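**Student:** only geometry, no sequence info:
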DNA sequence: GCCAACGTTGGC
DNA sequence: GCCAACGTTGGC
């Protein structure tokens, strides 16, 4: 049984929910953490919902909803020497890093703050809070249902 | 911008 | 393969 949904973190100064709204769809690349990579490769499925998390900003927390529109494939930025996330140790014949594509669904009128999520008895157990540095993390069914309700998402 | 947490690296 | 040093993340 897989996760009901996912949390993807991004710094809005670099790429926020409004950028995704404008572009409609984006390649989620540059993930260089093995735990996050494993979730992208083995867990994230086509059609899965993704809570878009704003980090390192005035109000950190859930900023909107996206969905997975392309499942795991090799992250091309790992092979690009000019890219900040270039990894010379990633062999194109055995790619080390993984991307997925996500599409915009909706933006929240205001961010659900991290403090509110942490204080919620259902959401306080999110893996996000135990593995603070994880940029891709699963949300189990009960927690997803709670988050969906807080955010007012239909699906 | 401070600092705690923690994943990664590299010397041994 | 241990573990100290280092770098990065991310909330405050």
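**Tutor:** Done, it's in. Everything numeric in this text was worked out from a predicted model, so none of it was measured.
**Student:** Any idea how many residues pack against the residue of chain A found nearest DNA strand C?
**Tutor:** Across chain A, the shortest distance to DNA strand C (C-beta to the nearest atom of the strand) belongs to residue A:60, at 3.3 Å. C-betas here are computed from N, CA, C, even on glycine. Residue A:60 has 19 neighbouring residues, counting by other C-beta atoms under 10 Å.
**Student:** which ones are touching it?
**Tutor:** A:53, A:54, A:111, A:113, A:114 (C-beta atoms under 8 Å, 6 or more residues apart in numbering).
**Student:** What about these, which one has the most neighbours?
**Tutor:** residue A:53 (25 neighbours).
**Student:** which stretch of helix or strand covers that one?
**Tutor:** In this structure, residue A:53 sits in strand A:49-54 according to DSSP states H and E.
**Student:** Listing partners with orientation, what would you give for the next helix or strand after that strand?
**Tutor:** Later in the chain than strand A:49-54, the nearest helix or strand by DSSP H and E is strand A:61-74. Partner strands for strand A:61-74, per DSSP bridges, with pairing direction: strand A:49-54 (antiparallel), strand A:98-113 (antiparallel).
**Student:** Do strand A:61-74 and DNA strand B come into contact?
**Tutor:** No. On the criterion C-beta under 7 Å from any atom of the strand, strand A:61-74 is out of touch with DNA strand B, staying 15.0 Å away.
**Student:** Get me the contact residues on chain A for DNA strand B.
**Tutor:** A:33, A:34, A:35, A:56, A:130, A:131, A:132, A:133.
**Student:** my guess is the third one is in a helix, correct?
**Tutor:** Think residue A:35. Yes. The assignment for residue A:35 is a helix, going by DSSP: H, G, I helix; E, B strand; the rest coil.
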